[in-house]
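J.: when you get a sec, could you give me coordinates for this:
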Amino acid sequence: MTRLDKRKSRLMVETSDTVRERGALREVIIEADSSGYVLFVRLKGLRNRYPISPGGIYNAAVKIAVDKQRAERKAKRRGEKQ
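T.: Sure, this is the predicted structure:
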């Protein structure tokens with residue numbers, strides 16, 4: 001596997017996830033910068049790109065997992081009380 005900072009070609013991944021934007025469902029595209037420190041997220045057919053670091057993606061995933069666990073525990077406690 002080649003590290004992102006060693007790649008010479010451009011890396012783009014088109015996901016099957018869609019988001020409604022400007023009246024149409026558009027696929028999410030992830031582009032890797034040649035430095036490997038920044039990823040860009042954009043929607044297919046649009047030019048706006050939003051940067052995010054791989055560390056930022058990890059932190060967001062951890063936060064989502066923790067929030068999900070809290071919601072499950074809260075739902076379990078509510079079920080026990082009733």
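J.: run a quick neighbour tally on residue 25.
T.: When neighbours are defined as other Cβ atoms under 10 Å, residue 25 has 10 of them. For the C-beta atoms, the positions are set from N, CA and C on the backbone; glycine is no exception.
J.: show me what it is bridged to.
T.: Here residue 25 shows beta-bridge partners residue 20, assigned using DSSP bridges.
J.: so what's the spatially most central residue of the chain up against?
T.: With distances taken as Cα atoms, centre = their mean, residue 57 lies nearest the centre of the chain, 6.2 Å away. Under the criterion of Cβ atoms under 8 Å, 6 or more residues apart in numbering, the contact list for residue 57 reads residue 39.
J.: mind checking what secondary structure it has?
T.: Of the three states, residue 57 takes helix according to DSSP: H, G, I helix; E, B strand; the rest coil.
J.: same thing with residue 80?
T.: Reduced to three states with three-state DSSP, the structure at residue 80 is helix.
J.: show the residue spans covered by the helices in this structure.
T.: Per DSSP state H, the chain has helices spanning 54-81. These are given in chain order.
J.: low-confidence ranges, the chain, go.
T.: Within the chain, the ranges that satisfy pLDDT under 70 run 1-2, 4, 36, 81-82.
J.: is it true that residue 22 touches residue 46?
T.: Yes: under the criterion of Cβ atoms under 8 Å, residue 22 lies in contact with residue 46, with a separation of 7.5 Å.
J.: the two: which has the busier surroundings?
T.: The residue with the greater number of neighbours, taking residue 22 and residue 46 and applying other Cβ under 10 Å, is residue 46; the counts read 12 against 8.
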